[in-house]
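Colleague: Show me how the following folds:
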Amino acid sequence: LGPYATQLMAEMGAEVIKLEAPEGDVIRLIGPMRNQGMGCMYLTLNRGKRSLCLDLKREEARQAAREVARGCDVVVTNIRPAAMKRLGMDATSLRAADPRLVYAAIVGFGQAGPYGKLPAYDDLIQGLAALPHLTQRQGSDTPRYTPLALADRVTGLHTLTAVLAALVERGRTGVGQEVEVPMFEVMASLVFGDHLTGLTYDPPLDAGGYPRLLSRDRRPYATKDGYLCAMIYNDAQWRRFFAAIGQPERFDNDPRMASHTTRTQHIDAIYAELGEILATRTTAEWLELLGQADVPCAPAHTLESLRADPHLNAVGFFQEEQHPTEGRLVRMAAPVRFSAHGDIPRAPTRRLGEDGPDILREAGLDAARIAALAESGAMVMPR
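Modeller: Residues are numbered from 1 along each chain as shown. Alright, predicted model coming up:
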């Protein structure tokens, strides 16, 4: 989640220095890959960042890292605070040298609570935030995690917004601050945004859970030849749907359709009947018919068909890159556009420690000291 948060910053034009240990970020090892240490996911998450590799077990490397930090506006870490304190790179130490520094500590849990010192990974946080429980309530045979690192990504987004807010405040006051971004609390707020429901009240009115989202038939619907996503939500959309299938009287004659409240109360039966109707035609037939009726619908992509999606390719979402060591790559453009800048250029993903000497030189270290760090192994550079 730290790499994702800082990837977003790099996409917005920030200069991002990624500090790695000698063994490198473990994501470098996730294949497929053409060269060791340059795995596919690493290439995606770290494009546009500069790479500095220091062995922070050595005091001379820790001192160099602190000097680099003094030249930064923001430090982002997703290492547990106790470890950062042992390294002398905690918020108190770094902000004592530069009160303008914004220090973003991404943690598993708020440090004031009993879970504060525990390790945290995406799967653990998904489970604590009840996502596997919700998949089972929706009809899965067993509790399941969401098949992407959802807690990491959502917490990364919260980190970005918190850092930007702290920078805005610093612009007004001249003083930075420490920002704590806890994964568990972030995901609890995400889940309860939809599913607090009756637990909003004291005493509770139900056991929580938004029925429409939990319906076992809220899914891509099988057609004659594939699957279709259809989102028929408000009164007007349901009226147009029934008119499109030649049954306009159904909306007024079915008491379950009377309001959004009654539809939610009977959502399982309504979605099951919708599935039966959509199974009677092909995906292309439904896309044409519902498109003409202005009923929201879309094909259910696979990863391969998403890669070939005509809209994404028309807007330039996928771009070719000739990487200096990894050859021809497909990269994703930043999804956000700024009218004053257009597409912000980003440098290719770096090899481990590739920018180390330049970064240290810019931080004020002289050539002799940089050479000593390299010779001792305290700084690692590409072979």
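
Colleague: Please name the residues that touch residue 304.
Modeller: By C-beta atoms under 8 Å, 6 or more residues apart in numbering, the contact list for residue 304 is empty. C-beta coordinates here come from the backbone N, C-alpha and C atoms, glycine included.

Colleague: That should have said residue 351, apologies.
Modeller: Applying C-beta under 8 Å, 6+ apart, the residues near residue 351 are 37, 38, 51, 325, 382.

Colleague: who wins for neighbours among these?
Modeller: residue 51 (24 neighbours; other C-beta atoms under 10 Å).

Colleague: That one should be in a strand, yeah?
Modeller: Yes: the assignment for residue 51 is a strand, going by DSSP: H, G, I helix; E, B strand; the rest coil.

Colleague: and the residue lying closest to it once chain neighbours are set aside, helix, strand or coil?
Modeller: Nearest residue to residue 51, sequence neighbours excluded (C-beta to C-beta, 6 or more residues apart in numbering): residue 350, at 3.9 Å. Three-state call for residue 350 (three-state DSSP): coil.

Colleague: which residues of the stretch 1-150 of the chain fall in helices?
Modeller: Secondary structure of the stretch 1-150 of the chain (DSSP state H, counting those that start in this stretch): helices at 2-11, 40-45, 59-69, 81-86, 91-97, 122-128, 131-137, 150-173.

Colleague: Next one: the residue nearest the centre of the chain from residue 114, what distance?
Modeller: Closest to where the C-alpha atoms of the chain average out (C-alpha atoms, centre = their mean) is residue 153, at 2.1 Å. Using C-beta to C-beta, to the nearest Å, one gets 26 Å for the distance from residue 153 to residue 114.

Colleague: List phi and psi for residue 217.
Modeller: With angles defined as degrees, to the nearest 10, residue 217 sits at phi -100, psi 10.

Colleague: what about the nearest residue to it once chain neighbours are set aside, neighbour count?
Modeller: Nearest in space to residue 217, with sequence neighbours left out and distances taken as C-beta to C-beta, 6+ apart, is residue 271 at 3.5 Å. Using other C-beta under 10 Å, residue 271 has 19 other residues around it.

Colleague: Residue 271: helix or strand, and which one exactly?
Modeller: Assigned by DSSP states H and E, residue 271 belongs to helix 267-278.

Colleague: If we go by neighbour counts, what in that helix is buried?
Modeller: 267, 268, 270, 271, 274, 275, 278 (16 or more other C-beta atoms under 10 Å).
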